[in-house]
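S.K.: Generate coordinates for the sequence data below:
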Amino acid sequence: MGKPTGFLEYDRADGPVVKEEQRIENFLEFHGMLPSEEQQKQAARCMDCGVPFCQAGTMIAGMASGCPLHNLVPELNDLVYHNCFEQAYKRLSITHSFPEFTSRVCPALCEAACTCGLHGDAVSTKENEKSVIEYAFKNGLVKEEVPVVRTGKKVAVVGSGPSGLAAAQLLNRRGHSVTVFERSDRIGGLLRYGIPNMKLDKSVIDRRIKLMEEAGIEFKTCVNVCGNKKQEKAGNRVHFADKVTYISADRLMSEYDAVILACGASNPRDIKAPGREAEGIYFAVDFLGMVTKNLLDSDFNIPANIRDMVKDKNVIVIGGGDTGNDCVGTSIRLGCKSVTQLEMMPKAPDERLLSNPWPEWPRVCKTDYGQEEAIYKFGHDPRIYQTTVKEFITEDVSGDSFEKDKSKAKNKVKHLKAVVLQSLEPKKDEKTGRMMMVPVEGSEKTVPADLVLIAAGFLGSESYVTEGFGVEVDARTNVKTASGKYGAIKTGDESGEKHAKVFTAGDMHRGQSLVVWAIAEGRNAAKEVDKELMGYTN
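M.R.: Numbers count the residues shown, from 1 in each chain. Prediction:
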């Protein structure tokens, strides 16, 4: 595929990126695209390797290698190389629901498994994909299929993230009547409120949703399935809807022939340390969503209350993943005084170790856009490794609160006591059997902390939904299904019998993961639902 000698003739070239000094002034996307002629050269680098791991989507050493959607990457690159962008879009659409999302936010599992990357730079498949889908939108090629005949079957999808949208798309194309329920005020789930606008412009979501609506999919926002007011107030979480309608699981199951739970792994992992209840401490996903909602509500004129929340503040981000990095970039755009990112694990090596060979996912240190911006702004990498929180130190600021209910004002976080973790001699947890990082005695250090953002990952699905539908969960609180299946298992059913109408997909099924995995899950779940409803699937 591509040009047989392309990988020898052309060096890898990525699209232009707006410089840090300019991009931190706004929340606009900052990754540009190459001219189509240059993108063709990049596609020419695809080297017609004998075994294209890029499209395998298989697990190697416990990690995904290649695209979970099984996009036929060499074929796509060959079509781009030959300037056949319309055919490339048609090829991509067979396996992929939303290339416009993954080409912006996916870590490119395809590129990590690229044979060309074994001894050089991988083929820029992610940008090739973006060039194809943007060409398709620009030239009016992207259209959602409107079924000629309806089956008479009704499907409810709970959650409008990538897995829910993918399932809704395919089931609607099949002819089923699909309704998507979203508890927030806008459609998109994680795509909307979990990923900052500079990584995924929300207009990209809106243009796809418009097409899906025109094709017959019904979207209902501000609807909390299984929820109630008491539950919404619990946990001091931020919710992105002013007026919410509550619907019971029984009602959905009585009105629809099938229900797909695609609510995500939306239960964030907390930090249990003294002072945790103080003001100024937020879950990262709530913080990012709150910023995005205010940006959208104000037409990107950042409201004073949001800017004042961060401006001239010392920000501490607890967690080193993508969400933590997004918090770093967001805080810088809002004018923070400083930003520090605490990571429990040791720094990953700068290059692959012999114990981590290709085509395994490379376990190497990655400096993402947020860290790059912190280096530009403050002159150093914000990450501190093998460190966690021992205590949140507070001061009394009664009446000076960012919370909506001023009567609940309490102590505000002011400093954070951090402690170094020992990785050489880990201690085994007697209850769980897992290895723990052990604090180093005498290593405590107090640092300023006016705003703390907890980005320590997620524990799985929220219990009020799984309990409402009466479905079993595993040890990680993901909805339990038979291996390789998507039909939810009834609570307490030792025989593992599938629930008559309930299915699951995405992070709610597999745990915290990637957008590309969520889309793959949604497509697979749709296939299983279709077979259940019709006796076969096409």
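S.K.: now the farthest one out in the protein, which residue is it?
M.R.: No residue in the chain sits farther from the centre than residue 442, which is 37.3 Å out by Cα atoms, centre = their mean.
S.K.: So that residue: helix, strand or coil?
M.R.: When classified by DSSP: H, G, I helix; E, B strand; the rest coil, residue 442 comes out as coil.
S.K.: Now do the helices in the stretch 401-538 of the chain.
M.R.: For the stretch 401-538 of the chain, the helices defined by DSSP state H, counting those that start in this stretch occupy 463-469, 507-510, 515-534.
S.K.: In TSV: those helices, plus distance to residue 333 and mean pLDDT.
M.R.: (C-beta placed from N, C-alpha, C; glycine too.) Below are the helices of the stretch 401-538 of the chain laid out as TSV (distance: least, Cβ to Cβ, whole Å; pLDDT from 0 to 100):
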stretch	distance to residue 333	mean pLDDT
helix 463-469	33	94
helix 507-510	27	96
helix 515-534	22	98
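S.K.: if you compare the ones you listed, which one is most tucked away?
M.R.: For these, average neighbour numbers computed from mean count of other Cβ atoms under 10 Å are highest in helix 507-510, which has a mean of 28.
S.K.: residue ranges of the helices in the stretch 251-400 of the chain, please?
M.R.: Using DSSP H, counting those that start in this stretch, the helices of the stretch 251-400 of the chain run over residues 284-297, 304-310, 322-333, 369-378.
S.K.: Same check on the stretch 101-250 of the chain?
M.R.: 109-112, 125-138, 162-174, 190-193, 202-214, 229-233, 249-255.
S.K.: got the contact list for the fourth one?
M.R.: It refers to helix 190-193. Here helix 190-193 makes contact (Cβ atoms under 8 Å, 6 or more residues apart in numbering) with 101, 160-162, 184, 186, 200, 202, 205, 240, 264, 285, 288-289, 292-293, 507, 515, 518.
S.K.: How far off centre is that helix?
M.R.: Here helix 190-193 is found 8 Å from its chain centre; the criterion is Cα atoms, centre = their mean, to the nearest Å.
S.K.: give me phi/psi at the closest residue to residue 416 other than its chain neighbours?
M.R.: Closest residue to residue 416 apart from its sequence neighbours, by Cβ to Cβ, 6 or more residues apart in numbering: residue 449 at 3.9 Å. Dihedral pair for residue 449: phi -150, psi 100, per degrees, to the nearest 10.
S.K.: Residue 449: how many residues sit nearby?
M.R.: Neighbourhood size, residue 449 [other Cβ atoms under 10 Å]: 26.
S.K.: contacting residues for it?
M.R.: Going by Cβ under 8 Å, 6+ apart, residue 449 touches 280, 314-316, 392-393, 413-416.
S.K.: And it, how far from residue 211?
M.R.: When distance is defined by Cβ to Cβ, to the nearest Å, residue 449 is 45 Å away from residue 211.
S.K.: Number of residues surrounding the closest residue to residue 186 other than its chain neighbours?
M.R.: Counting by Cβ to Cβ, 6+ apart, residue 192 is the residue found nearest to residue 186 once chain neighbours are left out, at 5.4 Å. Residue 192 has 25 neighbouring residues, counting by other Cβ under 10 Å.
S.K.: and what of the one 5 residues further on?
M.R.: Burial of residue 197 is recorded as 22 neighbouring residues (other Cβ under 10 Å).
S.K.: and the nearest residue to it once chain neighbours are set aside, helix, strand or coil?
M.R.: Of all residues beyond its chain neighbours, the one nearest residue 197 is residue 27 (4.4 Å), with distances taken as Cβ to Cβ, 6+ apart. Using three-state DSSP, the three-state assignment for residue 27 comes out as coil.
S.K.: List the contacts of residue 27.
M.R.: Applying Cβ under 8 Å, 6+ apart, we find residue 27 in contact with 196-198, 295, 300, 333.
S.K.: List the residues that contact residue 465.
M.R.: When contacts are counted by Cβ under 8 Å, 6+ apart, residue 465 touches 158, 225-227, 261, 263.
S.K.: Can you pull the poorly scored residue ranges out of the chain?
M.R.: Applying pLDDT under 70 to the chain picks out residues 1-2, 231-236, 397-410, 423-435, 493-496.
S.K.: Now do residue 520 against residue 506, distance only.
M.R.: Relative to residue 506, residue 520 is positioned 9 Å away (criterion: Cβ to Cβ).
S.K.: related to what we said a few turns ago, any idea how far the residue nearest to residue 197 lies from residue 334?
M.R.: For residue 27, the distance to residue 334 - Cβ to Cβ - is 10 Å.
S.K.: swap in residue 367?
M.R.: Going from residue 367 to residue 334 by Cβ to Cβ gives 21 Å.
S.K.: and the two? which has more neighbours close in?
M.R.: For the pair residue 367 and residue 334, the greater number of neighbours falls to residue 334 (21 against 13), based on other Cβ under 10 Å.
S.K.: and the nearest residue to the more buried one once chain neighbours are set aside, what does it touch?
M.R.: The spatially closest residue to residue 334, leaving aside those adjacent along the chain, is residue 310, at 3.7 Å (Cβ to Cβ, 6+ apart). Under the criterion of Cβ under 8 Å, 6+ apart, the contact partners of residue 310 comprise 330-331, 334-336, 451.
S.K.: do the same with residue 161
M.R.: The neighbours of residue 161, taking Cβ under 8 Å, 6+ apart as the test, are 188-191, 262, 264, 506-507, 518.
S.K.: now residue 135
M.R.: For residue 135, the contacting residues are 36, 85-86, 89, 141, by Cβ under 8 Å, 6+ apart.
S.K.: from those residues, which is closest to residue 60?
M.R.: Lowest distance from residue 60 to the contacts of residue 135 (Cβ to Cβ) belongs to residue 89, with 30.0 Å.
S.K.: Quick check: the residue nearest to residue 186 vs residue 507, distance?
M.R.: Per Cβ to Cβ, residue 192 is found 15 Å from residue 507.
S.K.: ditto for residue 228
M.R.: From residue 228 across to residue 507, the span is 23 Å (Cβ to Cβ).
S.K.: cool, and residue 77?
M.R.: Using Cβ to Cβ, we find residue 77 at a distance of 30 Å from residue 507.
S.K.: Over to residue 54?
M.R.: 24 Å.
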